[in-house]
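Chemist: got a structure for you, letters missing:
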Ligand SMILES: Cc1cc2nc3c(=O)[nH]c(=O)nc-3n(C[C@H](O)[C@H](O)[C@H](O)COP(=O)(O)OP(=O)(O)OC[C@H]3O[C@@H](n4cnc5c(N)ncnc54)[C@H](O)[C@@H]3O)c2cc1C
């Protein structure tokens, strides 16, 4: 059997031979074979064989000598680290030397899982790919969480009942959602905040001008960075061990059971594991491959900017999909915002968002409008605009407003092009002047008189225009005029692992007894497409907590209990 070709679907069960020689059982699909431990014969044991094979699986199929030296390095590193790993065990007796719950990832979902597992009494090791200063993944960029509530609650006004939340989700996803899991998230959002506060998270009311969210979204005081810092502080105080710069590149699985994770060849075993390593949005190659070429022969993904962390490369997601885990979602679906075209490739965060789309018009490179800018409230629509821009020629568009819109939206950090006449705007933006003037004229002529109110779905709309503008359609005629260039900004991808109410990863429809998933890695169960502001953190918090609890139960009380 070609071991190197066995790659990710291999299931390795170490079994030390009596002679001291190293053997293992290697399973590929339905075939199982006994294999000898290569050059680990003298002192090797089954674990070393697994480590060696793990290292090979991770690194593809380089030359044999490279393998041998890699194996030696991996073994040396493993020996150095095993002492540290053993120290993670906090529980006395025979169970020691293996971590109860391994959490992979270092953002909101991972931290919620780690805290829950630790609170349940499990020893917990959290592996974060990034250095400490970049910890927290996309979660460090967030501001709020969408919360169900039946009456006013501290920072939330009025009520946002379960049914309304569900209908909002149903609408934005176009029905591509799992109702049971979505409702689970919605209900969990109504009672998670006291737990968050216990772990140091503080809330503040919605800022004025912030996406009409005072009723629906609880804002984190200090933003997502303060939230993840609070969680790390609390986790460390509770005895959760954290390792930075520890990107997991593969797992050892046996019949859907988690056995161990590998970090650059180092094998880390645990009784249960939570996968919370984000989507694949930072993997530009994978985005390019998924989006392919369009009818103009362009690779749309070449123009994508990534709003968050560079560390969500989808390595584990890809590994799990190759390992036969059940998938959910479509690789081209993502939360995608139209952002300032000048934003950096990664980590531009929220200050690169252009929030005046619904107050004006948006034109593409041909100076044509292409979508209803006033279809619904901005928080329910902002996440479709990245995709809309991605579908335009050159993957670029411009948001155009006049003086009447100023002060009615959160201004971006970098100011837009400001001019006194629409003709100057066309010239400064590099648009065909005649076409731009025609588009603007057609739009202005189609607006009908109404009572403008950007805080409600007002009656200012267009008549007889394609595409229409359904709300907030005012003439664009008052200088100064502003233009902002827009590019697709990917927030997070929706392709993920299928799961259930226990957060278990599933293989062929069967739940894993000790491997769980949370956050972006499973958000596609709830978000088949579309988005409504704050639901990412609702999903991560709900499923992070469930996954942490399930993993602790599996580790401490036996895997059958985690399914109960
Ligand atoms: C700019 C921006 C603003 C946002 N604002 C909001 C908001 O206000 N409200 C909201 O609900 N949502 C918001 N989101 C979406 C939100 O960030 C996500 O839904 C949520 O943070 C996902 O949490 P997570 O823990 O799954 O992923 P992340 O927070 O991204 O964490 C994933 C972690 O996994 C680590 N990792 C990746 N690969 C590996 C590996 N192989 N091994 C080890 N570790 C690995 C990463 O380093 C990272 O720490 C925003 C996103 C962005 C980018």
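Modeler: Here it is on my side, so go on. Everything numeric here is computed off the predicted structure, so don't read it as measured data.
Chemist: Could you find the closest non-adjacent residue to residue 372?
Modeler: Distances taken as CB to CB, 6 or more residues apart in numbering place residue 467 nearest to residue 372, at 5.0 Å, with adjacent residues excluded. The way it works is simple: take the backbone N, C-alpha and C, and place the C-beta from them, glycine included.
Chemist: Can you verify my assumption that that neighbour contacts residue 371?
Modeler: Yes. Assessed by CB atoms under 8 Å, residue 467 is found in contact with residue 371 at 5.6 Å.
Chemist: Pick out whichever of the two has more residues nearby.
Modeler: residue 371 (20 against 13; other CB atoms under 10 Å).
Chemist: Report pLDDT for the residue in the stretch 51-200 of the chain that the ligand sits nearest to.
Modeler: Distances between the stretch 51-200 of the chain and the ligand by CB to the nearest ligand atom are smallest at residue 107, namely 2.0 Å. Here, the pLDDT recorded for residue 107 equals 98.
Chemist: Give the full set of residues in contact with it.
Modeler: Residues in contact with residue 107 (CB atoms under 8 Å, 6 or more residues apart in numbering) are 136-140, 228, 276, 278, 309, 519, 540.
Chemist: 6 Å instead?
Modeler: 136-137, 139 (CB atoms under 6 Å, 6 or more residues apart in numbering).
Chemist: what do you get for residue 271?
Modeler: 100, 555.
Chemist: Then it would be within a helix, right?
Modeler: No. Assigned with DSSP: H, G, I helix; E, B strand; the rest coil, residue 271 falls outside any helix and is strand.
Chemist: one step back: how far away is the residue of the stretch 51-200 of the chain closest to the ligand from residue 446?
Modeler: To residue 446, residue 107 is 45 Å away according to CB to CB, to the nearest Å.
Chemist: likewise residue 511?
Modeler: Distance of residue 511 to residue 446, computed by CB to CB: 54 Å.
Chemist: Compare neighbour counts for the two and give me the winner.
Modeler: Using other CB under 10 Å, the more surrounded residue of residue 511 and residue 446 is residue 511, with 23 against 17.
Chemist: Run a quick neighbour tally on the residue in the stretch 351-500 of the chain that the ligand sits nearest to.
Modeler: Relative to the ligand, the nearest point of the stretch 351-500 of the chain is residue 491 (4.5 Å; CB to the nearest ligand atom). When neighbours are counted by other CB under 10 Å, residue 491 registers 24.
Chemist: That one reaches residue 333, doesn't it?
Modeler: No. If you go by CB atoms under 6 Å, residue 491 and residue 333 don't touch, sitting 11.8 Å apart.
Chemist: what sits against residue 202?
Modeler: residue 221.
Chemist: let's see 8 Å
Modeler: Residue 202 neighbours (CB under 8 Å, 6+ apart): 220-222, 226, 230.
Chemist: Next: residue 148.
Modeler: Residues near residue 148 by CB under 8 Å, 6+ apart: 160-162, 165, 186-187, 189-190.
Chemist: Return the member of those residues nearest to residue 386.
Modeler: Nearest to residue 386 among the contacts of residue 148, counting by CB to CB, is residue 165 at 23.3 Å.
Chemist: Might you report the residue contacts of that closest one?
Modeler: Residue 165 touches 146, 148, 186, 189, 216, counting by CB under 8 Å, 6+ apart.
Chemist: run the last query once more with 10 Å
Modeler: 146-149, 182-183, 185-187, 189-190, 216, 532, 535, 538 (CB atoms under 10 Å, 6 or more residues apart in numbering).
Chemist: what about burial for the contacts of residue 148, which qualify?
Modeler: Neighbour-count burial (16 or more other CB atoms under 10 Å) applied to the contacts of residue 148 gives 160, 165, 186, 189-190.
Chemist: Would you mind giving those as JSON lines with secondary structure and pLDDT added?
Modeler: Converted to JSON lines, these look like this (DSSP: H, G, I helix; E, B strand; the rest coil; pLDDT from 0 to 100):
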{"residue": "160", "secondary structure": "strand", "pLDDT": "96"}
{"residue": "165", "secondary structure": "helix", "pLDDT": "96"}
{"residue": "186", "secondary structure": "helix", "pLDDT": "98"}
{"residue": "189", "secondary structure": "helix", "pLDDT": "97"}
{"residue": "190", "secondary structure": "coil", "pLDDT": "96"}
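Chemist: Tell me the one among these nearest to residue 459.
Modeler: Distances from residue 459 to the buried ones among the contacts of residue 148, taken as CB to CB, are shortest for residue 160 (24.5 Å).
Chemist: The closest one contacts residue 146, correct?
Modeler: Yes. Using CB atoms under 10 Å, residue 160 is in contact with residue 146, at 8.1 Å.
Chemist: Please enumerate the shared neighbours of those two.
Modeler: Contacts common to residue 160 and residue 146, judged by CB under 10 Å, 6+ apart, are 168, 186, 189, 216-217.
Chemist: quick one: which two of those are the most distant?
Modeler: The span of these, defined through CB to CB, is set by 186 and 217 at 13.4 Å.
Chemist: According to the record, where do the domains of the protein fall?
Modeler: As recorded under automatic domain parsing, the domains making up the chain are 4-87, 99-279+314-332+494-562, 335-489.
Chemist: winner for burial among these?
Modeler: Mean neighbour count (mean count of other CB atoms under 10 Å) peaks for domain 99-279+314-332+494-562 among the domains of the chain, with a mean of 22.
Chemist: Please compute how far that domain lies from its chain's middle.
Modeler: 9 Å (CA atoms, centre = their mean, to the nearest Å).
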